[in-house]
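**Student:** next one to model:
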Amino acid sequence: MSTIIYSLLTVIVIFTIIFGNTLVCIAVATDRRLKAIQNRFLVSLAVADLSVGVLIMPLGLVNQLLGYWVFGSVLCQLWKVFDVLACTASIWNLCLIAVDRYYFITHAVKYSLWRTSNRVNLMIVSIWTLSILISAPPLFWWTADISPNERFKCLISDDVGYILFSTMGSFYVPAVIMLITYSKVWKEARLRARANTTPQGSQRESGNQGQDVPTTKCLLCVQHDGNHKTGHQLIQQKNTSKGLSNDQIESDKCCDQSEPNSSLKKGFECNEKGECQKIRGKTNFPTVDCHSGKPNTFKESNNMPLLEALPASTGSITLLERQKRRLAQKRERRVTLVLGIIMGSFLICWYPFFQLYVISALCGDACNISTLLFDVIFWIGYCNSALNPIIYTTFNKDFRRAFTRILSKLFGDVSFG
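**Tutor:** Numbering: from 1, shown residues only. Down below sits the predicted model:
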């Protein structure tokens, strides 16, 4: 009975790995919105995890159920190498995704310019090359010692040198990099959330005191509509070492649609992200004549206090601040949740196996580690390949839309929300 349950659970894991990672590859290949450069890292991860589900686990299941290896010594050697290769590539791709996210969050502009198509491909090739270098040595040396009564068993290398080398390269080094990287991502997310929720006139208590934070956001864009006149009044908020300052940019003469030669003052606008956009390279901004198209100019005024400029709008700004604070806190909780799930699933799946693998190599028979315990922990590591496509795509709306589109074509009306 236990064998049947074990087999069913393993088959479910194999199916989940193949289905989920195939879906990721199809989605990126067929959806225009998912063809962004950074999604190549997810495809590389999916290929590594697919290798686990297609090449490694089915043969491992047969070997586990029969109790011996029936596929010959050559296939045994190749199976062991591909096992280490696929798992190592999967872990290092997770590490690469972590580093990519860190640099994109902390150095968005510079990194976006640096992260070209060729460089992304080079990073992916480097990860797979490193994985080959870690997995290939048992083909030439560090082979497992097989006694005559074990000739039908396909055993992993028991050489202490290779075990330490492979565990460091396959798990411990990338795990440390991921922990450091995601901790910095989390700290950066908290720092930005606090910056966005700092009340007006208060000081930021952080390590960045004394430096102006280069952000200018549009707090308020008020449209006046009276006597057939329309115009815009923008309030700029600037984060400085002394707190937050507000600069008012307004046009005192609005566009009077009843007069043929009036003009609408321009130069600042709120974009989709709520940021103030300014026409580059000019202090005096051109305005467009409402009917004749003749240019005029208007100048920026930086000396009007917010409360004096818009006494009736302070309640709206206070409400806006509360909304921004709640939104920033929600984003921080979301980042914490996502990073916790990523690192938690990775460590839960892989740490027990690699720790037990090192212990068994160092103390040998003296530890008397149960074969059943070792096998169970070994297979839990494979489960990470089933979780990866779920974790890395569930929080992405474009992936959910692509999955809905693909599965709806296959199975009818399907929705991922």
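
**Student:** in three-state terms, label Trp69 for me.
**Tutor:** coil (DSSP: H, G, I helix; E, B strand; the rest coil).

**Student:** and it, its phi and psi?
**Tutor:** phi -90, psi 130 (degrees, to the nearest 10).

**Student:** number of residues surrounding it?
**Tutor:** 19 (other CB atoms under 10 Å). Where C-beta positions appear, they are placed from N, C-alpha and C, glycine not excepted.

**Student:** for the nearest residue to it once chain neighbours are set aside, what are its contacts?
**Tutor:** Taking CB to CB, 6 or more residues apart in numbering as the measure, Trp69 lies nearest to Cys154, with 3.9 Å between them; neighbours along the chain are not counted. For Cys154, the contacting residues are Asn63, Trp69, Phe71, Cys76, Trp79, Lys80, by CB atoms under 8 Å, 6 or more residues apart in numbering.

**Student:** quick one: the strands in the stretch 101-250 of the chain?
**Tutor:** Per DSSP state E, counting those that start in this stretch, the stretch 101-250 of the chain carries strands over the ranges 216-226, 229-240, 243-250.

**Student:** meant to ask about the stretch 251-400 of the chain, not that
**Tutor:** Counting by DSSP E, counting those that start in this stretch, the strands of the stretch 251-400 of the chain are 255-256, 263-264, 268-270, 276-278, 285-289, 295-298.

**Student:** now the fifth one: average pLDDT?
**Tutor:** Model confidence over strand 285-289, given as mean pLDDT, is 38.

**Student:** need the nearest residue in space to Asn39, chain neighbours excluded.
**Tutor:** Val28 (5.2 Å).

**Student:** any regions of the stretch 301-417 of the chain where pLDDT drops low?
**Tutor:** Within the stretch 301-417 of the chain, the segments meeting pLDDT under 70 span 301-317, 332, 416-417.

**Student:** what are the buried residues along the strand or helix carrying Val84?
**Tutor:** Val84 belongs to helix 73-106 when elements are defined using DSSP states H and E. By neighbour count with 16 or more other CB atoms under 10 Å, helix 73-106 contains the buried residues 76, 79-103.

**Student:** repeat for stretch 326-343
**Tutor:** Of the residues in stretch 326-343, those buried (16+ other CB under 10 Å) are Ala328, Glu332, Val335, Val338, Leu339, Ile341, Ile342, Met343.

**Student:** same deal with stretch 53-64?
**Tutor:** Gly53, Val54, Leu55, Ile56, Met57, Leu59, Gly60, Leu61, Asn63, Gln64.

**Student:** okay, now Phe71: neighbour count?
**Tutor:** 13.

**Student:** now the nearest residue to it once chain neighbours are set aside: how far from Ile37?
**Tutor:** Once flanking residues are discounted, Phe71 sits nearest to Leu59: 6.7 Å by CB to CB, 6+ apart. To Ile37, Leu59 is 35 Å away according to CB to CB, to the nearest Å.

**Student:** now do stretch 329-341: everything it contacts.
**Tutor:** Contacts for stretch 329-341 (CB under 8 Å, 6+ apart): Tyr182, Val185, Trp186, Ala189, Arg190, Ala193, Thr197, Ile391, Phe395.

**Student:** ok, of the residues you listed, which come out buried?
**Tutor:** Among the contacts of stretch 329-341, the ones that count as buried by 16+ other CB under 10 Å are Tyr182, Val185, Trp186, Ala189, Ala193, Thr197, Ile391.

**Student:** need the max-distance pair from those.
**Tutor:** Thr197 and Ile391 (28.0 Å; CB to CB).

**Student:** re the thing from before, out of the buried residues of stretch 53-64, which is nearest to Leu23?
**Tutor:** Gly53 (12.4 Å).

**Student:** so what's the closest one closest to, chain neighbours aside?
**Tutor:** Per CB to CB, 6+ apart, closest to Gly53 is Ile17, 3.2 Å.

**Student:** please apply the same query to Phe378.
**Tutor:** Phe353 (5.5 Å).

**Student:** if I look at that neighbour, how far off is Trp69?
**Tutor:** Distance from Phe353 to Trp69, by CB to CB: 20 Å.

**Student:** circling back to that earlier point, just the buried ones among the contacts of stretch 329-341: which are in helices?
**Tutor:** Tyr182, Val185, Trp186, Ala189, Ala193, Ile391 (DSSP state H).

**Student:** in TSV: the residues you listed, plus distance to Leu373.
**Tutor:** Formatted as TSV, these follow (distance: CB to CB, whole Å):
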residue	distance to Leu373
Tyr182	30
Val185	35
Trp186	33
Ala189	38
Ala193	43
Ile391	26
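
**Student:** one step back: so the residue nearest to Asn39 sits against Gln38, correct?
**Tutor:** No - applying CB atoms under 8 Å, one finds Val28 not in contact with Gln38, separated by 10.6 Å.

**Student:** enumerate every residue touching the residue nearest to Phe378.
**Tutor:** Ile377, Phe378, Ile380, Gly381.

**Student:** recalculate using a threshold of 10 Å.
**Tutor:** Cys87, Thr167, Phe171, Phe374, Val376, Ile377, Phe378, Trp379, Ile380, Gly381, Tyr382 (CB atoms under 10 Å, 6 or more residues apart in numbering).
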